[in-house]
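# With the sequence up front, the predicted model follows.
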Amino acid sequence: MEDTISIQKINRLRREFREYLRETKPSWSDNSISVCSSDSFYAFNNNVGVDFWDIFSNDEKLQNARVKIEEYLDEENKPGNPKQRAREYMVAMKEFMEFLAGTHPSIPEEWKGMGVSDLNLKKMFQEWLKKQTDDSKQPLTKELISTYIKSLLKAVSQLGVENEIDEDLFEYVSTEDFQVALEQMKKTPRYSIYLQSTEGQQFEIACGLYIKFLEQLGEPSCWIFQANPKHYKIDQAIGDLDKIVWTVAQYKKQIKEGDKIYIWRSGKGGGIIASGVAENDPIEMLPNHIEDPYRLTPEDFSKAVLGVSIRIERKFLDSVVLRTDLMQDQRTKSLEIIKFPNATNYPVLKEQEAVIESFIDDSYMIQPITVDDSKTDQYMQSDSYTKEDFLSEVFLSAEKYDTLSGLLRKKKNIILQGAPGVGKTFAAERLAFSLLGQRDSSRVKVVQFHQSYSYEDFVMGYRPSGNGFSLSKGPFYNFCKIAEKNEGDYFFIIDEINRGNLSKIFGELLMLIENDKRGGNHEIKLLYSEENFSVPENVHIIGMMNTADRSLALIDYALRRRFAFFELTPAFSSDGFREYQAMKENSQFDALISQVEAMNTVISEDTSLGQGFQIGHSYFCTEEIVDTVWISDVIEYEILPLIREYWFDEEANVLHWSQILRGVLHGK
């Protein structure tokens, strides 16, 4: 049974109480209603030594609470006459008692002895700020976030209103209560002078952000629950059933009875296929011994899990609200399920819910994209992509991102090198998008080099045709010609760059790719034509090379000096990966990661291998549900073949680590 009440339930109750006051006290001003609402929760907010919910069980307990409140006001040296203020609090609490008696008579008994969920609002606000952007769409800096946090912690004492409101403004868990406190601060003589200072201006901005944060935190709850059709026949289940039981892995204390729930099918053609209502708060479900005809893979029910029963109200199997459509809208492209597609349960904000509903009822109006033909040629612009988006998808620190992007801007050519599975190709494409400011595939081209790749494949050369041979232009030539005609950056990405004969592939262009040899002032005649050719200044080259490839010769000096080299390492200890790992909530997965980190240490210290042979984190990144089957497949078919190659002549090492990795499936 729960021992705390969610912040959403408390705020929902407060909203209902304010609406009740507006109906029953039509002569009261909005300010009077807010003050009454705040006063009615005074004992709850300040812990005056009484059980808040027990107060409302009868009039006698309510009167006894008045004495406690008066004593508290006196001891804390609160402003005003303690007896008078206690009576004023009691008027508000009596109104609240009448409201409960008429609308929620069972709450005093059900919630007796319970406090609000233990939420660290300062930390939550800090994390929320990391996802916000400034006017130029850049993520807020660590310094600015720290400044906003400090301003909310210090302002009350600086203005000298400590005895009237809580000194720690993070104690206010609803928008209305925070605004009441803010009004008190504005009444102080120092406030107007304070706002003229840099500190005061930062405080004003921080207040606006905190109000927005509280509004989102306290919104009536709406959720997306995700199913993977590889593991569960979700379409068939939705088609057959009117109710479905769902595991709750995230937001266990926030999801509540009566919340709206959208059901999401992952994978190809993914999106919302149904909606319903939670029939209960998450409750403990005992190990499931009943066969589920829709489950395709076994699930670990060795311990009890939380779950809710969902009453299916609408089904959209023939008119799915597609993920691709939601990504095109400014409001829904930031849905957590789109940004972090590896969990089970996701929150939906009010404005996002409105967009989803407009897709469902066909009232959504597509905003036409205005395109400047002179700049974009035949291509359409895509949705925005920022540094913040990069950091949310690629497990790299903000400092390293700044270094990496700075190197590419300055040098124009960069090589991402690292161990297998560190996400070099993924990072390269996302880096390009982040520097473009949008997901524009028309400005990004990816090719892969191999041993037989040639200049003729890359730039131009004669190819067989119906009547013999004809001159064929390669991807790099075509890409440069497109970039030459348009403004803005273009990114040419070369996977496995050191698998080809680089001098042979680039040929005479080796000189032209240097950052100071770009543009029309530096041209050269191409090998197979009389055409003068140059590499445009707006073309950037990103290459990737796998440092664990034994068959590769060293890159020759001529090419090496034209590129900057940036090392990508396994990111198991990064904040991003730890957050991703926590979302999976799987003890076997956690054990596997720990053992792989330990194995990487051994690999790094092995004189025949080294850091370039470590196991990368991308082997363990998936949109699928991480369960025993998924973990077993990764171990058997991805990790073990790799270490067999590493230690092909050291069977003892292979056997040792095979036993350890397989052991995580059995709790060893």
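Perfect, I can see it now.
# Helix, strand or coil: sort out the residue lying closest to residue 621 once chain neighbours are set aside for me.
Distances taken as Cβ to Cβ, 6 or more residues apart in numbering place residue 580 nearest to residue 621, at 6.9 Å, with adjacent residues excluded. For the C-beta atoms, the positions are set from N, CA and C on the backbone; glycine is no exception. For residue 580, the secondary-structure state derived from DSSP: H, G, I helix; E, B strand; the rest coil is helix.
# can you count the residues close to residue 60?
Residue 60 has 8 neighbours, counted by other Cβ atoms under 10 Å.
# May I have the phi/psi pair for it?
Dihedral angles of residue 60 (phi, psi; degrees, to the nearest 10) stand at phi -60, psi -40.
# how far away is it from residue 54?
Taken as Cβ to Cβ, to the nearest Å, the spacing of residue 60 relative to residue 54 amounts to 11 Å.
# Identify the residue spatially nearest to residue 615, adjacent ones excluded.
When the adjacent residues along the chain are set aside, residue 615 lies closest to residue 596, with 5.3 Å between them (Cβ to Cβ, 6+ apart).
# Check residue 543 too.
Beyond its immediate neighbours in the sequence, the residue positioned closest to residue 543 (Cβ to Cβ, 6+ apart) is residue 497, lying 3.4 Å away.
# now residue 393
Leaving out its chain neighbours, the residue that sits closest to residue 393 by Cβ to Cβ, 6+ apart is residue 430, at 5.7 Å.
# Give me the pLDDT for that neighbour.
For residue 430, the model assigns a pLDDT of 91.
# Next, count neighbours for residue 92.
When neighbours are defined as other Cβ under 10 Å, residue 92 has 19 of them.
# I'd guess it is in a helix, am I close?
Yes: note on residue 92: a helix contains this position according to three-state DSSP.
# Would you mind listing the residues in contact with residue 592?
Under the criterion of Cβ atoms under 8 Å, 6 or more residues apart in numbering, the neighbours of residue 592 are 620, 631, 634, 635, 661, 664.
# would you list those in TSV and tack on distance to residue 23, secondary structure and pLDDT?
TSV is the format used below for these (distance: Cβ to Cβ, whole Å; DSSP: H, G, I helix; E, B strand; the rest coil; pLDDT from 0 to 100):
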residue	distance to residue 23	secondary structure	pLDDT
620	55	helix	90
631	56	helix	90
634	58	helix	89
635	62	helix	91
661	64	helix	92
664	59	helix	90
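# Just among these, which is most surrounded?
residue 620 (24 neighbours).
# does it really touch residue 635, like I thought?
No: applying Cβ atoms under 8 Å as the test, residue 620 and residue 635 come out as separate, 10.5 Å apart.
# Can you tell me the strand partners of the lengthiest strand in the chain and which way each runs?
The strand spanning the most residues in the chain, taking DSSP state E as the definition, is strand 305-315. Paired neighbours of strand 305-315 in the sheet (DSSP bridges): strand 243-247 (antiparallel), strand 271-278 (antiparallel), strand 283-285 (antiparallel).
# End to end on stretch 169-179, go ahead and measure it.
When the termini of stretch 169-179 are compared using Cα to Cα, to the nearest Å, they are 10 Å apart.
# for it, the distance to its chain's centre please.
25 Å (Cα atoms, centre = their mean, to the nearest Å).
# Mind checking the pLDDT average for that stretch?
Predicted confidence along stretch 169-179 averages 77 (mean pLDDT).
# buried ones in it?
For stretch 169-179, burial by neighbour count (16 or more other Cβ atoms under 10 Å) applies to 169, 170, 172, 173, 174, 175, 176, 177, 178, 179.
# list the helices and strands whichever helix or strand the last one is part of packs on?
Element membership for residue 179, per DSSP states H and E: helix 175-186. In terms of contacts (3 or more Cβ pairs under 8 Å, 6 or more residues apart in numbering; DSSP states H and E), helix 175-186 is packed against helix 7-24, helix 30-40, helix 142-159, helix 198-217.
# got the domain boundaries for the chain?
What the record gives for the chain is the domain set 4-116, 121-217, 222-360, 387-568, 575-666, from automatic domain parsing.
# Would you map the strands across the stretch 451-600 of the chain?
460-465, 468-473, 490-495, 524-525, 532-533, 539-546, 564-568 (DSSP state E, counting those that start in this stretch).
# Format those as TSV; extra columns: mean neighbour count, distance to residue 410 and mean pLDDT.
Converted to TSV, those look like this (neighbours: other Cβ atoms under 10 Å; distance: least, Cβ to Cβ, whole Å; pLDDT from 0 to 100):
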stretch	mean neighbour count	distance to residue 410	mean pLDDT
strand 460-465	14	29	78
strand 468-473	12	30	79
strand 490-495	22	15	92
strand 524-525	14	24	87
strand 532-533	14	24	88
strand 539-546	23	11	91
strand 564-568	18	8	90
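# quick one, which of those strands is nearest to residue 248?
strand 564-568 (35.3 Å; Cβ to Cβ).
# the bottom helix or strand of the chain by mean pLDDT?
Using mean pLDDT, DSSP states H and E, helix 373-376 stands out as the lowest-scoring helix or strand of the chain, at a mean of 34.
# contacts for the next helix or strand after it?
Where DSSP H and E defines the elements, the next helix or strand beyond helix 373-376 is helix 387-393. Helix 387-393 has contacts (Cβ under 8 Å, 6+ apart) with 130-131, 133, 138-139, 339-340, 396, 398, 401, 405, 426, 430-431, 433-434, 576.
# Where strands are concerned, which of those residues count?
Among the contacts of helix 387-393, DSSP E puts none in strands.
# which of those residues are buried?
If you count burial by 16+ other Cβ under 10 Å, the buried members of the contacts of helix 387-393 come out as 139, 340, 396, 401, 405, 430, 431, 433, 434, 576.
# So which of those residues are in helices?
Of the positions in the buried ones among the contacts of helix 387-393, 401, 405, 430, 431, 433, 434, 576 sit in helices, assigned by DSSP state H.
# Let me see the contact set for the fourth one.
What that stands for is residue 431. For residue 431, counting by Cβ under 8 Å, 6+ apart, the contacting residues are 390, 394, 404, 405, 408, 491, 542.
# Equivalent analysis for the second one, please.
Listed by Cβ under 8 Å, 6+ apart, the contact set of residue 405 reads 387, 431, 434, 435.
# where does the stretch 451-600 of the chain have low pLDDT?
In the prediction, the stretch 451-600 of the chain carries residues with pLDDT under 70 at positions 465-468, 548-559.
# show me where it has helices.
Counting by DSSP state H, counting those that start in this stretch, residue ranges of the helices within the stretch 451-600 of the chain are 455-458, 475-485, 502-506, 509-512, 557-560, 575-584, 587-605.
# now, of those helices, which is deepest in the fold?
Among these, ranked by average contacts under mean count of other Cβ atoms under 10 Å, first place goes to helix 455-458 (a mean of 20).
# So which elements touch it?
Secondary elements touching helix 455-458 (3+ Cβ pairs under 8 Å, 6+ apart): strand 460-465, helix 502-506.
# could the contacts of residue 431 be laid out in TSV, adding distance to residue 83?
Compiled in TSV, the contacts of residue 431 are given as follows (distance: Cβ to Cβ, whole Å):
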residue	distance to residue 83
390	60
394	62
404	66
405	64
408	70
491	72
542	73
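# Closest to residue 81 out of those?
Looking across those and measuring by Cβ to Cβ, the closest to residue 81 is residue 390, at 58.2 Å.
# Now for the closest one, how many residues are close by?
By other Cβ under 10 Å, 22 other residues sit near residue 390.
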